[in-house]
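In: Structure, please.
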Amino acid sequence: MTEDQERDERVKEFTSGALAALTDERRAECELLASAGELGMRLRPCEDDPDVAELLWGGAVVGVTTWTWLDTGNTPPAVGPGE
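Out: Okay, the predicted model is just below:
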């Protein structure tokens, strides 16, 4: 498996965990925001800490982890919903 494939697997693992941790209410809110124009999910650096990656869905942060873990797998992911 290549490094890119391994990173893709970690992104998939993180995304799946973050979505599984959402409450029904939070999931509905994100679906509504996404339907209003902010389509898809994306990763971005946290404004307060560029070493932290935020998972956005519908413009809302739904999970955080580190870029180090996404890139290397060396630290455990955080998969809870963001506030």
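
In: Let me see the ranges of the helices in the protein.
Out: 3-20, 24-35, 67-72 (DSSP state H).

In: Dump those into TSV; add mean pLDDT, mean neighbour count and distance to residue 59 as well.
Out: Where C-beta positions appear, they are placed from N, C-alpha and C, glycine not excepted. As requested, these are exported to TSV (pLDDT from 0 to 100; neighbours: other CB atoms under 10 Å; distance: least, CB to CB, whole Å):
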stretch	mean pLDDT	mean neighbour count	distance to residue 59
helix 3-20	92	14	15
helix 24-35	90	13	5
helix 67-72	91	15	21
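
In: Next, name the residue at the spatial heart of this protein.
Out: By CA atoms, centre = their mean, the chain has its centre lying nearest to residue 55, at 2.7 Å.

In: Check what pLDDT the closest residue to that residue other than its chain neighbours gets.
Out: Distances taken as CB to CB, 6 or more residues apart in numbering place residue 63 nearest to residue 55, at 4.1 Å, with adjacent residues excluded. Confidence at residue 63, expressed as pLDDT, is 94.

In: Next: residue 60.
Out: 88.

In: Please tell me how far it sits from residue 75.
Out: Distance, residue 60 to residue 75, by CB to CB, to the nearest Å: 24 Å.

In: Of the two, which one has the most company?
Out: Set residue 60 next to residue 75 and count neighbours by other CB atoms under 10 Å: residue 60 wins out with 18 against 12.
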